[in-house]
Structure formats: C-alpha cells, structure tokens
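S.K.: I would like to see how this sequence folds:
(chains A and B)
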Amino acid sequence: MRLLLRQELPTRGEILIGGRDVVGLPPSKVPELRRSIGVVFQDFKLIRRKSALENVAYVLNVAGIPRGEQKRRAYLALKGVGLQHRLNVRPEALSGGEQQRVAIARAVVNDPELLLADEPTGNLDPDLAVEIMRLFREINARGTTVVVATHDRELIRRMQRRTIVLEHGRIAEGAVVA
Amino acid sequence: MSALLGRLRYSVADAVDEWRQSPGPNLLAAATLAAVLFVAGIDLLLVSNASAHLSRWRRDLRVSVYLVDGAADAEIEAARTTIAGTPGVAAVERIDKDEALRRFRASFGELADLPGEMGNPLPASLEVFLTPGPGARGAARAVGEALRGSPAVEEVRYDQDVLDRVTGVLDLARWGGAALGAVVLTAVAFVVAGVLRLTVHARRDEIDIMHLVGAPPMLVRGPFLVTGAAQGLGGGLLALFLVEAARRAARAHASGAPGGLFDIAAGSPLPPGPSSLLIALGALLGFAAAWFAVREAKDVTSRT
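M.R.: Below you'll find the model as predicted:
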C-alpha cells in the first residue's frame, strides 16, 4: 500500500497505476497521483479538529473544487455511507464504525479510479466489518477498483473476490475467485 | 485565480481555527515577537525624535557671537552692523549678561543657584539668526570671517560642528542599531520558529493525512504561514502599544529633565512611517519564522 501511494520507493521493479509509472514520478507529481487514489486506513486517519463533513470536504478542497460544491458532494458521500445525520460531529464523538465510514466517504468523494483500503476492518467488530465490506462492494460496482489489504481470512472467504496472498513480501498465491 | 483565492481563504480560516483551539503557543509566539519589536520600537522612537530635532536645529542654525567683558558699546554696535550686512543673516539680537543668566536658569532649573554663588560668569553676546536653508552654513562661516579682528568679539561659535557630530552619532546609532537589530531579529525568528515547530509537531498526524490525500505543499503550509504572519502582526501591534505606553509613562516621570532632554529623545509619538515599519517587520518576522518551522512539514515520502 505504501508503495502504491509513493510513501516508499521499491528497491527494484516498477509500479504501474492506470499505465502511469509510480516509481519514476517526480516528487512534484506525487500529490496529483494521490488525489487520483482513495485511501482507507485501519486507524481511520481523520483530522481531529474537523467535523465529518469537513474531513470529507477537505479532499475536494485539495482538488480545488469550489466551496459550495465541496459541501454538496461531501454531504452526498456521507449520505452514501449512512452518516447524513452526523455531518457536524468530530471524529472523537463518532464510534469506530462511523469513523471508518467517514474515511470511506472521504476516499470515494472524489470518484477515484482506485481505492486502497489498508486493514479497514482491523479495529471493528465482525458485524461492522461485514458492513464496511458491503460498502466496498457497492463502490466497486460503481466502477472503482478496490484493493483491500487484510489478515482476516474469514472475511476474504465471505467476500468471494480475487485474492492475492503475500508472504514475506512476495506473491505466494494469486487467484481469481468467481 | 478563484482556486488560489479559495486556498488562501482556507488557510486563513484554518489559521483562525488553530488560534481558537490552541491559544497558548500562539500567544507565546506573539508575545516573544512583541518583546523584541518593543526594543526595536524604542530604538525607532529615539532615533526618529532625535532626527526630527536635529532637522529643526539645522533649519534654525544660528551663530552666537560672545563679547569681550567690558567691550565698548561703539565696538559692539560696529560688530552688529557688520553682522547685519552679511548675506544670509536674517536678524541680530543683543543678549546682555543678565539676559544670558535668565536664560541659563530657565534651561537648567536645578543648577539655577550655581552662577549666583560664583557671580555671573556668563558673557554678553549677539545672537545671529540666519535665513533657513542650505546656504545657512556658508552664511555662518561668513559671519565668523567678517568679525575676525573685531576688538569686541571674544569668540564666534555656531553649532554646525556639534550638529555634524550628533548626526554622525545618530547615523552610527541608526546603522549600528539596524545591524544589532538584524542579528537579534534573526535569533528571535529562530526562537519563534521553535515555538511554531511545536505547533507543527502537535499537528504532525494531520499534516501526514493532508499529504496522503494529495494536498499540495502550499496548501499544507499555508495555514502555518498565515498563523506566523498573524502572530507577527499581533506582536507588532502590541509592541507599538507598549512603546507608546512606555513613552507616556517616561514622560510622566521625566517632565523635569534638564534642557528638555526627554523632549529631544521621546517628545513625540512614533510617526506613522516607523509605526508601519514596525508592524510590517513583525508580520515579516512571523512569516519567516513560520517558513522555517514548516520546513518540518515535509511529505512522508521525503522522510522515508
């Protein structure tokens, strides 16, 4: 995940996202790459000072979207994850599941081609984990490629999607499950 | 253009939010800046007042012709006629010994008894007023030349040399103060940068998130730069207020200073020019300090 986001550089090899070489990207172009990718983290990574709506709208602000449009789209994204009633609540007042849904809304508000989710259910109970995975399935159905990193084999089994197994940094198994 | 304005508005709103949520470090930084700018403001106050007086003295350049004790009236009158005929002389006034003593007592109140104990040692004189302007110095010299050899004249003195020396000292104070000020201000910029660095550190996670969602560096740094400039602006205004408060307090205590010394040093408030300079300096210093501080706010990629 860190390699895909250009947080780290590989010692060798190449990384292509939508045909674009991530490794050879000059540092000034990294923000642009990241704006085209939605990211969801295990620890949510929400800005504590900002409300749910402001956290989601921040991505649009970064993209230079006008203020009124930012609010409208952020509202729709939060509505999409069922949080339209928690718009002005700060992260500390939200439950873990709600915080993760805000993070998902933030990740998809910009209609990215790629959504990366790094252990998105690691801090959630099993029911909430299923709920989050259901959201990812919906996002995928709208045309966004969703890459989820997880240690939860049961969740993988239930999702019935393509799975790539990494062991010691190498692909040990990669299969397309129907 | 509208995107740029939008980002600027965001930076200002975020800086205001930051001030509201963490007033402590922001006030500390503003107070540090105010303390240094206060010293700079006092320096500006003294230099601007002294410069204003110096300019006035230059305009009012006059020549004092001290007379020999017991000089004959006819000789004095001859000297007076000679002076009055010199180009650039506007007026000549005769000051006898009693008038000289009265003026001394008016200027040096606490030393008023001194001449009385010694008799009146002050000489009579002719005060020569020159036409103001760049020709005054030449006219003063001409008066001295014209009186050379006059039996009634003990000494011809005009203040140009003193003024030149004072100007030299003021220039030295101005440039020396500026150099010293630059060193102090640079040091303070680093101190304030340290304070701001704490703020940056406290928002480390937030900054990482901003980078991860693709915020360009200027959008990440913008709020910190605005905060720094606002701290400097606040510090400058506070320093200006403190300089004027200190001037008024000093005036209340120093009203009896000899020779109007207080008026020369700090009789007038800081003029608008130096006041604006002080505030602008504060804003610039705060901005520079923030710039140093947010160099810490590098993208996560740069730190790996």
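S.K.: buried stuff in the longest helix along chain A?
M.R.: If each helix of chain A is counted by residues according to DSSP state H, the longest one is helix A:126-141. Counting neighbours by 16 or more other Cβ atoms under 10 Å in any protein chain shown, one finds that the buried residues in helix A:126-141 are A:128-129, A:131-133, A:135-136, A:139. (C-beta placed from N, C-alpha, C; glycine too.)
S.K.: Likewise for stretch B:215-224?
M.R.: Going through stretch B:215-224 with 16+ other Cβ under 10 Å, the ones that come out buried are B:215-217, B:219-224.
S.K.: what's the farthest-apart pair in those residues?
M.R.: B:Pro216 and B:Phe224 (14.2 Å; Cβ to Cβ).
S.K.: can I get the buried residues of stretch B:215-224 in a markdown table with secondary structure?
M.R.: Putting the buried residues of stretch B:215-224 into a markdown table (DSSP: H, G, I helix; E, B strand; the rest coil) gives the following:
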| residue | secondary structure |
| --- | --- |
| B:Ala215 | coil |
| B:Pro216 | coil |
| B:Pro217 | helix |
| B:Leu219 | helix |
| B:Val220 | helix |
| B:Arg221 | helix |
| B:Gly222 | helix |
| B:Pro223 | helix |
| B:Phe224 | helix |
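S.K.: give me the subset of these touching chain A.
M.R.: Judged by Cβ under 8 Å from any Cβ of the partner chain, the overlap between those and the neighbourhood of chain A comprises B:215-217, B:219.
S.K.: Throw those into JSON lines and include pLDDT and distance to A:Leu115, thanks.
M.R.: Shown next, in JSON lines, are these (pLDDT from 0 to 100; distance: Cβ to Cβ, whole Å):
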{"residue": "B:Ala215", "pLDDT": "87", "distance to A:Leu115": "18"}
{"residue": "B:Pro216", "pLDDT": "86", "distance to A:Leu115": "21"}
{"residue": "B:Pro217", "pLDDT": "84", "distance to A:Leu115": "25"}
{"residue": "B:Leu219", "pLDDT": "84", "distance to A:Leu115": "22"}
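S.K.: got the residue ranges for the strands in chain A?
M.R.: Counting by DSSP state E, chain A has these strands, from start to end: A:16-17, A:20-21, A:37-41, A:114-118, A:145-149, A:163-167, A:170-175.
S.K.: Determine which stretch of those strands is the most buried.
M.R.: For these, the largest average neighbour count (mean count of other Cβ atoms under 10 Å in any protein chain shown) is found in strand A:37-41, namely a mean of 24.
S.K.: Off-centre distance for the helix or strand of chain A with the lowest mean pLDDT?
M.R.: For chain A, scoring each helix and strand by mean pLDDT, DSSP states H and E identifies strand A:170-175 as the least confident one, at a mean of 75. How far strand A:170-175 lies from its chain's middle: 22 Å, per Cα atoms, centre = their mean, to the nearest Å.
S.K.: Likewise for stretch B:184-197?
M.R.: The chain centre lies 24 Å from the centre of stretch B:184-197; the measure is Cα atoms, centre = their mean.
S.K.: Which residue ranges of chain B form helices?
M.R.: B:2-21, B:23-59, B:73-84, B:97-107, B:114-118, B:136-146, B:160-202, B:204-212, B:217-253, B:261-266, B:272-293, B:300-303.
S.K.: Minimum distance to A:Val165: which of the ones you listed has it?
M.R.: Ranking the helices of chain B by distance to A:Val165, with Cβ to Cβ as the measure, places helix B:204-212 first at 25.9 Å.
S.K.: what's the angle between the closest one and helix B:217-253?
M.R.: In terms of direction (axes from the mean of the first three to the mean of the last three Cα atoms, to 10 degrees), helix B:204-212 departs from helix B:217-253 by 140 degrees.
S.K.: List the buried residues in helix B:204-212.
M.R.: Within helix B:204-212, the residues that qualify as buried are B:206-212, counting by 16+ other Cβ under 10 Å.
S.K.: restrict those residues to contacts with chain A.
M.R.: Restricting the buried residues of helix B:204-212 to those near chain A - Cβ under 8 Å from any Cβ - leaves B:206, B:208-212.
S.K.: what's near enough to touch the residue nearest to B:Gly286 when sequence neighbours are not counted?
M.R.: The shortest distance from B:Gly286 to any non-neighbouring residue, by Cβ to Cβ, 6 or more residues apart in numbering or on different chains, is to B:Gly232 (2.4 Å). With contact taken as Cβ atoms under 8 Å, 6 or more residues apart in numbering or on different chains, B:Gly232 is in contact with B:30, B:33, B:281-287, B:289.
S.K.: pLDDT wise, what is the closest residue to A:Gln99 other than its chain neighbours at?
M.R.: Closest residue to A:Gln99 in three dimensions, ignoring its sequence neighbours and counting by Cβ to Cβ, 6+ apart: A:Phe44, at 4.4 Å. According to the per-residue confidence, A:Phe44 scores 88 in pLDDT.
S.K.: Thought A:Ile104 was touching A:Phe44, still the case?
M.R.: No: counting by Cβ atoms under 8 Å, A:Phe44 sits too far from A:Ile104 to count as a contact (9.7 Å).
S.K.: Please identify which of these two sits among more neighbours.
M.R.: For the pair A:Phe44 and A:Ile104, the greater number of neighbours falls to A:Ile104 (26 against 21), based on other Cβ atoms under 10 Å in any protein chain shown.
S.K.: Give me the neighbour count for the residue lying closest to A:Leu60 once chain neighbours are set aside.
M.R.: Among residues not flanking A:Leu60 along the chain, A:Gln70 sits closest, at 4.1 Å (Cβ to Cβ, 6+ apart). By other Cβ under 10 Å, 24 other residues sit near A:Gln70.
S.K.: residue contacts, A:Gln70?
M.R.: A:Gln70 makes contact with A:57, A:60-61, according to Cβ under 8 Å, 6+ apart.
S.K.: who wins for most neighbours among those?
M.R.: Ranked by the number of neighbours (other Cβ under 10 Å), the contacts of A:Gln70 place A:Ala57 first, at 25 neighbours.
S.K.: Nearest to chain A: which residue in the stretch 201-304 of chain B?
M.R.: Per Cβ to the nearest Cβ, the residue of the stretch 201-304 of chain B with the smallest distance to chain A is B:Gly214, at 3.4 Å.
S.K.: I'd assumed A:Glu32 was in contact with that residue.
M.R.: Yes: applying Cβ under 8 Å, one finds B:Gly214 in contact with A:Glu32, separated by 6.8 Å.
S.K.: out of the two, which sits in the busier spot?
M.R.: Comparing B:Gly214 with A:Glu32 by other Cβ under 10 Å, the one with more neighbours is B:Gly214, at 21 against 13.
S.K.: quick one: the more buried one from B:Val47, how far?
M.R.: B:Gly214 sits at a distance of 51 Å from B:Val47 (criterion: Cβ to Cβ, to the nearest Å).
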